[in-house]
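*Asks:* Sharing a model prediction with you, sequence too.
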Amino acid sequence: MKLIDNNNIQIGVFASNEDSNLQEHQMRLEKIKNELLKYGLTSNQAKVFIYLGKHGPKSGPEVSKSLNIIRTEAYQILHALEGKGIITAKFSSPTKYLALPFEQAISALINTEKEKINTLAKEEDSLTELWKKIPSFTVETNEMENERLQMLEGAAPIYSKIRSMIKNAEKQIIILGSEKDIARFHYADIFETISDSLTDVRMILSPSTALPDFLDRFDKKKIRLMSIEKTGNRCFIIKDNNEAILFLRNATHNSDSVFAIWSNSKSLTDSIRTLFDYSWDSSKTCH
């Protein structure tokens, strides 16, 4: 199915036209564009890739005109997408560019990100050694042990912090969140880092009336369900009563928009722990 008639190509893939039958398609394409940003593409790179994928081979000037992008920028984007391995150039005059099939393009982007991570991992030891060789001019004081606060935005840095907390936990991890929050943790493999040596791992799903299938492997005695809440905007994690992550924007928002604060503040951690204990007593068992 064609999204845009060739005679009406100047409308553009992402045009906003309420009278057009393209509106539903445009909403879907906008969602795909936003998802492609997670794979390292810029907004305009994602637009160009989608345009080529849905319209077939196009020249630089055609891309520029249809997407209202300056011609020099259009060529820069095309060359960048070529470099990422998700579009190819046809031997023609003028040169035309063609997007890879979507599945192949996503695989190529994923493999590129994996290579970056592998390269960074290989350089970790040498970089650490180099850091140690640089003299330090700081003097440790009591201020360095003071209570701290860190703001985290986006799923990646937040989940990385959660994994670190769980990995370093000695006694206890407690979690409260909606089923959608817990599902995101599950699919991000966060629970895989929970050690069998932890004596106390407890979780509250709120709001929820049934245990989701992906939690079947957990001890049902350590999970409770709280159905009295109407919204699912509360989510927090506490480690050993000395660190806490509190979501200010949780899974009710998309992955790029989630926002949380981490702190080792005793007063904050104690307050959140009190809330958890009250919720635990007010919730229902699921076994």
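*Replies:* Yes, it's here. Residues are numbered from 1 along each chain as shown.
*Asks:* how about low-confidence regions in the stretch 1-150 of the chain?
*Replies:* 1-22, 138-145 (pLDDT under 70).
*Asks:* can you map out the helices along it?
*Replies:* In the stretch 1-150 of the chain, the helices defined using DSSP state H, counting those that start in this stretch lie at 23-36, 43-55, 60-67, 71-83, 102-133.
*Asks:* Over stretch 267-285, what's the mean pLDDT, rounded is fine.
*Replies:* Averaged across stretch 267-285, pLDDT comes to 92.
*Asks:* err, stretch 161-177, not the other one
*Replies:* Stretch 161-177 shows a mean pLDDT of 91.
*Asks:* what residues does it touch?
*Replies:* 150, 152, 182, 185, 190, 193-195, 198-206, 232, 234-241, 243, 245, 247, 250-251, 260, 262, 273, 275-276, 279 (Cβ atoms under 8 Å, 6 or more residues apart in numbering). Placement of C-beta: from N, CA and C, glycine included.
*Asks:* Now the buried members of those residues.
*Replies:* Buried members of the contacts of stretch 161-177, counted by 16 or more other Cβ atoms under 10 Å: 152, 182, 185, 190, 194, 201-206, 232, 234-240, 243, 245, 247, 250-251, 260, 262, 273, 276, 279.
*Asks:* Sitting in strands, which of those residues do you find?
*Replies:* 152, 201-205, 236-239, 243, 245, 247, 260, 262 (DSSP state E).
*Asks:* right, and out of these, which lies closest to residue 98?
*Replies:* residue 152 (39.5 Å; Cβ to Cβ).
*Asks:* contacting residues for the closest residue to residue 188 other than its chain neighbours?
*Replies:* What sits nearest to residue 188 in space, not counting adjacent residues and going by Cβ to Cβ, 6 or more residues apart in numbering, is residue 159, at 4.9 Å. Under the criterion of Cβ under 8 Å, 6+ apart, the neighbours of residue 159 are 185, 188, 190.
*Asks:* Format those as a markdown table; extra columns: pLDDT and distance to residue 52.
*Replies:* Output for those, formatted as a markdown table (pLDDT from 0 to 100; distance: Cβ to Cβ, whole Å):
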| residue | pLDDT | distance to residue 52 |
| --- | --- | --- |
| 185 | 89 | 36 |
| 188 | 84 | 31 |
| 190 | 86 | 36 |
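*Asks:* Cheers, nothing more for now.
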